[in-house]
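Colleague: Need a 3D model of the following:
(2 chains)
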Amino acid sequence: MNKYMERLYNGLIKENPTMILMLGMCPTLAVSTRAMNGIGMGISTTAVLIVSNVVISLLRKIIPDDVRLPCYIVIVASLVTVTELLIEAYFPSVYEALGIYIPLIVVNCIILGRAEAYANKHDPVLSLMDGIGMGLGFTVALTLAGALREMLGNGSFFGVNFLPEGVEPIGLFVQPPGAFLVIAFFIIIMNVIGIRTRQRQLVESDGCDGCCATCSLVCTKSEEVKNK
Amino acid sequence: MKSLILIIISCALINNVVLNQFLGICSFLGVSNQLKASASLGGAVIFVITIASAVASLLYDFVLAPLGMDFMKTIIFILVIAALVQIVEMFLKKTSPGVYTALGIYLPLITTNCAVLGVALTNVQDGYNFVQCVLSGFGTALGYTLAIVLLASIRTRVHEEDLPAPLRGAPIVLIAAALMSIAFMGFSNLSL
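Modeller: The predicted model follows:
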């Protein structure tokens, strides 16, 4: 496996952003009511992630270290605005379904997290592959969660009804509590088959509880406070 | 007056920002392992969201809307929030060091808390005026604080239990959150 394929594998399975790193939980929980929503959100986020990774990687020697987070936020926010306008123009139904969560891609921890953890240290091609891998991992996780919730809560699969007449779906699963339950269920499975445990120790060892892009920021802050 | 109180109740309980709209989940899951820290974060969030919704509302009404730059709102709002968090931090450090040490590391965390940006954007979408924006910001933040403090209290109890290994860590927290969310769904039947 060469290093480019390794990035794809890393994003899809080894460090799957949703199931293992537990980043970007807000959109995962919010839009996974339908499998189609999962794909729509996944692809929008992937597009932003790929471009932002490449741009940040190209600019990594230009952006001063002290102001890097504001710079990243501006880059990501511009990309998100472009994406939002494109979706509104070409896929109005997706725009309608995802609503407020499209502009909120700006604060998706996966994007800033990858910028901070990967793109600002590696060359553009590797960063591109990293973006594709992470984006795919996110899309797959969202779609799986969406499909499961849709099947249990709505009795359909990608919009096609499969329940026989007279059988009621479990409505709870398309409502907010269902989101928490389904994600919990996925993580339990990951724990049981043992993919997650090894990884989690790695992630949690930094003492930030896997909390997002601000992690580095917060960590430096807490060190500052401790030093005082 | 009645409608203004309703805004607070509806933002805090009925459309709870964490349990119903899934904004600010990262810090909700990440920080809620300590009760004291959760309360501090909640305080900081109330502070920042209320100010941020006020500033965002003024900016939108007097700058973005008249200039027809509606599409710039995401970029402008996130920059305003980031700057605001910095200013609030510096201000607190100078004026009330006690509050600053209490909120300390949680302030920068709020920049990427999607609840802040989410509230600012929904306010604009719903066409709220200045007072309504401030109240809905305050109500939302109140709901956030309530949820995170409740979850933190549950977690301190759960922490002492002997759980099956696969359930430890994130899954049991998510299940607790699911049960809280079911409880909060009860509020949606409030006839206001």
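
Colleague: neighbours of residue 150, just the number please.
Modeller: You didn't pick a chain, so chain A it is. Residues lying near A:Glu150 (other Cβ atoms under 10 Å in any protein chain shown) number 24. Glycine gets a C-beta too; all of them are placed from N, C-alpha and C.

Colleague: actually chain B
Modeller: Other residues near B:Leu150 number 19, with proximity taken as other Cβ under 10 Å.

Colleague: buried stuff in the helix or strand it falls within?
Modeller: Assigned by DSSP states H and E, B:Leu150 belongs to helix B:130-159. Under the neighbour-count criterion of 16 or more other Cβ atoms under 10 Å in any protein chain shown, helix B:130-159 has B:132-152, B:154-155, B:158 buried.

Colleague: How about stretch B:32-43?
Modeller: In stretch B:32-43, counting by 16+ other Cβ under 10 Å, buried: B:32-33, B:37-38, B:40-43.

Colleague: filter those by proximity to chain A?
Modeller: Counting by Cβ under 8 Å from any Cβ of the partner chain, B:Asn33 from the buried residues of stretch B:32-43 sit close to chain A.

Colleague: Show only the entries of the buried residues of stretch B:32-43 found in helices.
Modeller: In helices, defined here by DSSP state H, the members of the buried residues of stretch B:32-43 are B:37-38, B:40-43.

Colleague: Kindly reformat those residues as a markdown table containing pLDDT.
Modeller: Listed next are those as a markdown table, based on pLDDT from 0 to 100:
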| residue | pLDDT |
| --- | --- |
| B:Ala37 | 78 |
| B:Ser38 | 83 |
| B:Ser40 | 80 |
| B:Leu41 | 81 |
| B:Gly42 | 85 |
| B:Gly43 | 83 |
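
Colleague: returning to what we had before: could you list every helix and strand in contact with the helix holding B:Leu150?
Modeller: On a contact count with 3 or more Cβ pairs under 8 Å, 6 or more residues apart in numbering or on different chains; DSSP states H and E, helix B:130-159 meets helix B:2-9, helix B:25-31, helix B:35-59, helix B:114-125, helix B:170-185.

Colleague: what's downstream of the longest one, the next helix or strand?
Modeller: Scanning forward in sequence from helix B:35-59 by DSSP H and E, the next helix or strand is helix B:65-67.

Colleague: could you check whether that next one is close to chain A?
Modeller: No - judged by Cβ under 8 Å from any Cβ, helix B:65-67 stays clear of chain A, getting no closer than 15.6 Å.

Colleague: Any residue of the helix or strand following that helix touching chain A?
Modeller: Using DSSP H and E, the next helix or strand after helix B:65-67 towards the C-terminus is helix B:73-95. Yes - using Cβ under 8 Å from any Cβ, helix B:73-95 comes into contact with chain A via B:73-75, B:78-79, B:82.

Colleague: What residues of helix B:73-95 count as buried?
Modeller: B:73-78, B:80-82, B:84-85, B:88-89, B:92.

Colleague: For the residues you listed, give me JSON lines that also has pLDDT.
Modeller: Below are the buried residues of helix B:73-95 laid out as JSON lines (pLDDT from 0 to 100):
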{"residue": "B:Lys73", "pLDDT": "85"}
{"residue": "B:Thr74", "pLDDT": "86"}
{"residue": "B:Ile75", "pLDDT": "88"}
{"residue": "B:Ile76", "pLDDT": "88"}
{"residue": "B:Phe77", "pLDDT": "88"}
{"residue": "B:Ile78", "pLDDT": "87"}
{"residue": "B:Val80", "pLDDT": "86"}
{"residue": "B:Ile81", "pLDDT": "85"}
{"residue": "B:Ala82", "pLDDT": "84"}
{"residue": "B:Leu84", "pLDDT": "84"}
{"residue": "B:Val85", "pLDDT": "83"}
{"residue": "B:Val88", "pLDDT": "79"}
{"residue": "B:Glu89", "pLDDT": "81"}
{"residue": "B:Leu92", "pLDDT": "78"}
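
Colleague: So, low pLDDT: which residues of chain B?
Modeller: Regions of chain B meeting the criterion pLDDT under 70 cover residues B:102-106, B:112, B:191-192.

Colleague: same deal with chain A?
Modeller: For chain A, counting by pLDDT under 70, the residues that fall below are A:1, A:194-228.

Colleague: Can you show me the helices along it?
Modeller: According to DSSP H, the helices that chain A contains are A:3-9, A:25-31, A:35-58, A:68-90, A:92-98, A:109-114, A:124-154, A:176-192, A:196-204, A:214-227.

Colleague: Save the ones you listed as TSV, and put in distance to chain B too.
Modeller: Shown next, in TSV, are the helices of chain A (distance: least, Cβ to the nearest Cβ, whole Å):
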stretch	distance to chain B
helix A:3-9	23
helix A:25-31	4
helix A:35-58	12
helix A:68-90	4
helix A:92-98	13
helix A:109-114	6
helix A:124-154	12
helix A:176-192	4
helix A:196-204	7
helix A:214-227	5
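
Colleague: how about the nearest residue to B:Ala152, chain neighbours excluded?
Modeller: B:Ser38 (3.9 Å; Cβ to Cβ, 6 or more residues apart in numbering or on different chains).

Colleague: Give me the distance between that neighbour and chain A.
Modeller: Separation of B:Ser38 from chain A (Cβ to the nearest Cβ, to the nearest Å) stands at 12 Å.

Colleague: just how off-centre is the helix holding B:Leu150 within its chain?
Modeller: Relative to its chain's centre, helix B:130-159 lies at 7 Å (Cα atoms, centre = their mean, to the nearest Å).

Colleague: Next: stretch A:177-196.
Modeller: Centroid displacement of stretch A:177-196 relative to its chain, using Cα atoms, centre = their mean, is 16 Å.

Colleague: same thing with stretch B:110-127?
Modeller: 9 Å.

Colleague: and it, C-alpha only, in CSV?
Modeller: Taking Å, rounded to 0.1, in the frame of the first residue of the first chain, the C-alpha atoms of stretch B:110-127 are listed here in CSV:
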residue,chain,number,x,y,z
ILE,B,110,-16.6,28.7,22.2
THR,B,111,-15.4,30.1,18.9
THR,B,112,-16.0,26.8,17.1
ASN,B,113,-19.1,25.9,19.2
CYS,B,114,-21.6,25.7,16.4
ALA,B,115,-24.4,26.8,18.7
VAL,B,116,-23.1,30.4,18.6
LEU,B,117,-23.0,30.6,14.8
GLY,B,118,-26.2,28.6,14.6
VAL,B,119,-28.2,31.0,16.7
ALA,B,120,-26.9,34.0,14.8
LEU,B,121,-27.9,32.5,11.5
THR,B,122,-31.4,31.2,12.6
ASN,B,123,-32.2,34.6,14.1
VAL,B,124,-31.5,36.3,10.8
GLN,B,125,-33.4,33.6,8.9
ASP,B,126,-36.5,34.0,11.2
GLY,B,127,-36.4,37.8,10.6
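
Colleague: Sweet, I'm off.
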